[in-house]
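Visitor: Got a predicted structure plus its sequence, pasted below:
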Amino acid sequence: MESSQAVQFRFRGVGLDDRDIGWLQEVIDKGGTLKAAAGEACSRFGWTRPNGQAPLASCSTMFRRLEERGVLKLRKAPRRPSGSDREHADRQALLEALGPVPGMVECQPGGSVTVRPIAPEERDGFRLHLRRYHYLGFERSVGESLGYAGFVGDELVALLDWGAAALHCEPRDRYIGWGRVARERNLEKVVGNRRFLLLPWVQRHCLASQVLGANIRRLADDWEARYGHRVLLAETFVDTRFRGTCYRASNWTYLGMTRGFTRLKPGFKTPQQPKAVYVYPLVRDAVERLRMSEEAAP
């Protein structure tokens, strides 16, 4: 039962008031890791995934969002010992010194298109390729996420990164018909296509839509296997410098343009380039299921 105090923030259907925020700050100030603080918060507020596990990654992301809004103050991560610093720097230097990736000469690979999740040992290469060749760059995935590699025959041709949906998106929310309760309950069932890279030396007609289609066909099953719940709707935001051709060719629905800003703190807007919003239902009744509020859900 929620407190009579004003709710400052909601996460997984639970409203957090001033007293709850104060408790979170005390937990963080104890000096443990952010993951440990997330574990305590999940236990206190009953936050669980459908598989019964605590959503530690998304809870930690929520902490960072609250810090961006000026609600919480997180502790700075302790500095690595000097030996660890050197090891990290050497590892980064090695990645950056790899030079041109084999296959940089334009190629037209033959064979069938396949897409699969990346393996743990491929994460460094995944990050390096996206950092070098995607116009937005890439640092790391936060929260629930999946990275994919696309192949034509045995030739690597594409990389894709999927993760948490945007907290607010007016065209998407209007398309679904979301109220606040239903959005808070069901946002984790929407997945965002955060990066889509075709390696620049690969040339093949309609490759982008073929890779995207192959990825979409397995995305919900892979997500459930990894995180214990299915995703129902995919979304993406396309910069105005691009036409979104591969999404249109893959039967994604264009919903309109974003308003050109993002909120980091209440009442504070940061300008952003407007982007085209596309969505793709992963099941036939995706919209109807996403509209269900906690009270209406079975």
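Guide: Received, thanks.
Visitor: Assign a three-state SS to the residue nearest to Ala38 when sequence neighbours are not counted, would you?
Guide: Among residues not flanking Ala38 along the chain, Cys59 sits closest, at 3.9 Å (CB to CB, 6 or more residues apart in numbering). From N, CA and C alone the C-beta is placed, and that goes for glycine too. Look at Cys59: counting by DSSP: H, G, I helix; E, B strand; the rest coil, its state is helix.
Visitor: Got the domain ranges for this protein?
Guide: 7-68, 107-291 (automatic domain parsing).
Visitor: Give me the neighbour count for Arg12.
Guide: Using other CB atoms under 10 Å, the number of residues around Arg12 comes to 18.
Visitor: What's the separation between it and Ala220?
Guide: To Ala220, Arg12 is 20 Å away according to CB to CB, to the nearest Å.
Visitor: Now do the contacts for the nearest residue to Asp29 once chain neighbours are set aside.
Guide: What sits nearest to Asp29 in space, not counting adjacent residues and going by CB to CB, 6+ apart, is Arg75, at 7.4 Å. By CB atoms under 8 Å, 6 or more residues apart in numbering, Arg75 lies in contact with 28-29, 31.
Visitor: which of these are buried?
Guide: Ile28 (16 or more other CB atoms under 10 Å).
Visitor: Counting neighbours, what do you get for Gly137?
Guide: 11.
Visitor: For it, pull up the helix or strand it's in.
Guide: Following DSSP states H and E, one finds Gly137 outside all helices and strands.
Visitor: Verify the stated contact: it with Arg131.
Guide: Yes: contact status for Gly137 versus Arg131: in contact at 5.3 Å, counting by CB atoms under 8 Å.
Visitor: mind listing the helices in the stretch 151-298 of the chain by residue range?
Guide: 170-176, 180-186, 207-227, 245-249, 286-291 (DSSP state H, counting those that start in this stretch).
Visitor: Please convert these to TSV, extending it with distance to Ser141.
Guide: Listed next are the helices of the stretch 151-298 of the chain as TSV, based on distance: least, CB to CB, whole Å:
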stretch	distance to Ser141
helix 170-176	21
helix 180-186	22
helix 207-227	12
helix 245-249	21
helix 286-291	23
